[in-house]
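[1] Following is a predicted model, sequence given first.
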Amino acid sequence: MLNCKDMTKLISDSLERKISVRQRMELWLHIMMCGMCRRFRSNIIELRKRVRVSKGLLDQADIAPASLPPATKARLEEVVKRQLG
């Protein structure tokens, strides 16, 4: 079985391309046992959604509104736009 470091790479790969059946099984088994990798996968999926929204590829209704103060949210949006720009 792969360790958490290998799993984080596999999680990222699985979001970019189709992984083999064996890799999917290893990933599923590891995620069932490892809360940290499960949280990492959830965070990566949410981050990808938010990046797509900032690029205008998803509808704003697809994600829940952030509970950040408006000034903080505006600063984060500006940083993301500069990085993607």
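    Arrived safely.
[2] Please make it C-alpha for all contacts and neighbour counts, starting now.
    OK.
[3] what's in contact with the helix or strand harbouring residue 8?
    Taking DSSP states H and E as the criterion, residue 8 maps to helix 4-16. The contact list for helix 4-16, computed with C-alpha atoms under 8 Å, 6 or more residues apart in numbering, reads 19, 23, 27, 30, 37, 40-41, 44.
[4] quick one: pLDDT of residue 69?
    Listed pLDDT for residue 69 reads 81.
[5] scratch that, residue 46 is what I was asking about
    Looking at residue 46, its pLDDT stands at 91.
[6] Tell me the helices and strands packed up against the lengthiest helix in the chain.
    Counting by DSSP state H, the longest helix found in the chain is helix 35-55. Judged by 3 or more C-alpha pairs under 8 Å, 6 or more residues apart in numbering; DSSP states H and E, helix 35-55 is in contact with helix 4-16, helix 21-33, helix 70-84.
[7] Which one of the contacts of helix 4-16 sits in the busiest neighbourhood?
    residue 27 (22 neighbours; other C-alpha atoms under 10 Å).
[8] centroid residue for this structure?
    When C-alpha atoms, centre = their mean is applied to the chain, the residue found nearest the centroid is residue 44 (1.5 Å).
[9] Only the buried residues of stretch 5-12, if you could.
    7-8, 10-11 (16 or more other C-alpha atoms under 10 Å).
[10] I'd like to know how far residue 48 sits from residue 54.
    The gap separating residue 48 from residue 54 is 10 Å, by C-alpha to C-alpha, to the nearest Å.
[11] what about those two, which has more around it?
    A count of neighbours by other C-alpha under 10 Å puts residue 54 above the other of residue 48 and residue 54, at 17 against 12.
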